[in-house]
Each structure stands twice: as structure tokens, then as C-alpha cells.
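*Asks:* Everything below, folded, please.
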Amino acid sequence: MTRARADTEYARYAPLLTDYARMDPADPCRSDLRGHLVMGYLPVARHIARRFADRGESMDDLEQVATIGLLGALERFDPDRGRDFLSFAVPTIMGEVRRHFRDRTWSLRTPRGVKDNYLAVGAAVTTLSQDLTRAPTVPELAEHLGLAQEQVREAIAAGDARRPASLNTAPGEGDDDDALADRLGADDLDIERVETAALVRALVRRLPQRERTILALRFVHEKTQTEIGQVLCISQMHVSRLLSRTLTQLREEVGRQTVADPDHSSTDLVAS
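*Replies:* Numbers count the residues shown, from 1 in each chain. As a prediction, the model looks like this:
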């Protein structure tokens, strides 16, 4: 979609954005207007999510993250600054998706500062390699970035958390070394829960947008109920009631659909 076409298509929402920004947060009509605006701009969030579709994350997860970015853009947009909403929302949504990849797609839990240094070191390697016509050394990277050499080494080592070695590779250099897969592994006692996990995922997809967003904010982004309330402009108590109701609904639905298989610990998969 061209920019001119987008401006024309979404022009009808401009007065509503102004009304929304000026509404009292306690106004009950504000929640309805927010839902209307989210649905109106949802194609923008989905379009941005599709741009990241080839990076190993499911489209459902990416669309959920992009929708959260859209909600954040709606809350922070100030029409009095003379900037149109799309110019503000698109980088906001893209930033949310990029933070998702930075914070959630590492195989091992890694501190945010180390992740940021890893990305900075990667960019610095490209820049310095072009200037030096060779790979830069750790001291050169540290000087270029203003980091301690130990921070640079730590950031480089952190790359293993993002790209773990294949289990088909040998841990040593000899040709006769066994692959890691031949040395590791045991029966997974929870393998029978895979079907139930897939069922829970399917049920979550069928929930209303607001409930899906609350679950994503709580269990994916680890937000508190108070923080969720601030994003959605509802009280912490309202968030608590919605969350409790949604989890109860999921437990009951999983229980109904797996009652024929009593060996599955289905309700354990729906956190309380």
C-alpha cells in the first residue's frame, strides 16, 4: 500500500484519534473508542508483523506483539504535535517487534545489557572490518564502542546463546568424536503433554482480542496486572477479573476436550 493510499484510507480515524487523546481515562466510552481504533489500524500491525515472518517466530505471536505495539502507540500519540498517527505508530510497532526478538528469541536467558552489547559489537565488526580491511581485535572493538574488553568478550560469547551448536556436531576436533546428540538425551516424561499444549494454543487463538492481549502481556511480556491496566486503560481489579475468568475458561475447555484421556495433566498447562 502506497503512503498516499494509506493516508486516504485512514483519514477517517483522525478525528477519533483526537477525541481519544483528549478523553478522560476514566470515561467508560474511551475503552470502546480504543477498541474501534485498534480494529481500524489492525491491518497496519499485521502488515508489520508479516515483514518479520521469516525469522522463525509464528505469525500469531508476531501479530500479538505488533498489536501490543499498536496499543502503546495509541496511548502515547499526541495529535497536538502536528504529526500524523501512521508516522508515529509504524516505528512504535516495529520497535515493539524488534524488542520481542531481542528479548525473547535467545535460546538461553541473557541479560539485556549483554544482548545490547552483542548487537553493538556485531555492527562494529562490520564497520571496522571495512575500515581496517581485516577483522577487528577485541581491544579495537572495545575502544570503538567505549566498552571494557571483558564486556566485548562477554558479548561475543553471548552469540552462542542465540545460535546454539547443532546436536549433530562433535564437541571436539577429532573425526572420531561422537556427536552431541549421541552423548545427550533421555526420555521426555512430559512428551504426552505436547497435544494438550497445542490445544491450549488453539483455544487462546479463539479468545477475544482484549483477552489475548492480557494473556500476552501477563505471561509473554511478564507485565504486572497494574502495568496491564495502564496499557489497556482499565483498573488493576478489572484486569484481575478478566485474567481469572479467561484462565478458568481455558481450564474448563481443556478439561472437556481431554476428558477422554485421563493420563494428560491438561489443566497444569494453564497457569493460575
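*Asks:* contacts, neighbours, all on C-alpha from now
*Replies:* OK.
*Asks:* where does the stretch 51-200 of the chain dip in pLDDT?
*Replies:* 55-56, 102-112, 115, 158-196 (pLDDT under 70).
*Asks:* pLDDT at Phe219, what is it?
*Replies:* If you check Phe219, the pLDDT there is 86.
*Asks:* Dump the helix or strand where Ala14 lies to PDB, restricted to CA.
*Replies:* Per DSSP states H and E, Ala14 falls inside helix 14-22. Taking C-alpha atoms only, helix 14-22 is exported to PDB below (Å, rounded to 0.1, in the frame of the first residue of the first chain):
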ATOM      1  CA  ALA A  14      -8.000  11.300  12.600                       C
ATOM      2  CA  PRO A  15     -10.900  13.000  14.400                       C
ATOM      3  CA  LEU A  16     -11.400   9.900  16.600                       C
ATOM      4  CA  LEU A  17      -7.700   9.900  17.500                       C
ATOM      5  CA  THR A  18      -8.100  13.500  18.700                       C
ATOM      6  CA  ASP A  19     -11.200  12.600  20.700                       C
ATOM      7  CA  TYR A  20      -9.400   9.600  22.200                       C
ATOM      8  CA  ALA A  21      -6.300  11.600  23.200                       C
ATOM      9  CA  ARG A  22      -8.400  14.200  25.000                       C
END
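*Asks:* tell me the mean pLDDT for that helix?
*Replies:* On average, helix 14-22 scores 90.
*Asks:* What ranges does the stretch 1-150 of the chain have for its helices?
*Replies:* 3-10, 14-22, 28-51, 59-76, 85-104, 112-132, 138-145, 149-162 (DSSP state H, counting those that start in this stretch).
*Asks:* Out of the ones you listed, which one sits most buried?
*Replies:* Stretch with highest mean neighbour count among these: helix 59-76 (a mean of 21; mean count of other C-alpha atoms under 10 Å).
*Asks:* can you give me the offset of that one from its chain's centre?
*Replies:* 9 Å (C-alpha atoms, centre = their mean, to the nearest Å).
*Asks:* what do you get for stretch 229-246?
*Replies:* 20 Å.
*Asks:* Name the residues of that stretch that are buried.
*Replies:* 229-236, 239-240, 242-243, 246 (16 or more other C-alpha atoms under 10 Å).
*Asks:* Closest to Val121 out of those?
*Replies:* Nearest to Val121 among the buried residues of stretch 229-246, counting by C-alpha to C-alpha, is Val231 at 33.4 Å.
*Asks:* That closest one reaches Leu70, doesn't it?
*Replies:* No. With contact defined as C-alpha atoms under 8 Å, Val231 does not reach Leu70; the gap is 10.6 Å.
*Asks:* one step back: of the helices of the stretch 1-150 of the chain, give the one that comes closest to Gln225.
*Replies:* helix 59-76 (15.1 Å).
*Asks:* Report all helices and strands that that closest one contacts.
*Replies:* helix 28-51, helix 85-104, helix 209-215, helix 225-232 (3 or more C-alpha pairs under 8 Å, 6 or more residues apart in numbering; DSSP states H and E).
*Asks:* Let me see the residues that make contact with the longest one.
*Replies:* The one in question is helix 28-51. With C-alpha atoms under 8 Å, 6 or more residues apart in numbering as the test, helix 28-51 has contacts from 10, 13, 16-17, 20, 23-24, 59, 62-63, 66-67, 69-71, 74, 90, 93-94, 97, 232-233.
*Asks:* and what of the last one?
*Replies:* Contacts to helix 225-232, defined as C-alpha under 8 Å, 6+ apart, come from residues 31, 71-72, 75, 214, 217-218, 235-236, 238-240.
*Asks:* now do 6 Å
*Replies:* Defining contact as C-alpha atoms under 6 Å, 6 or more residues apart in numbering, one finds that helix 225-232 is touched by 235-236.
*Asks:* and the next element down the chain from it?
*Replies:* helix 236-257.
*Asks:* which secondary structure elements does that following helix contact?
*Replies:* helix 225-232 (3 or more C-alpha pairs under 6 Å, 6 or more residues apart in numbering; DSSP states H and E).
*Asks:* Give the rounded mean pLDDT of the helix it packs on.
*Replies:* 89.
*Asks:* and it, how far from the chain's centre?
*Replies:* 17 Å.
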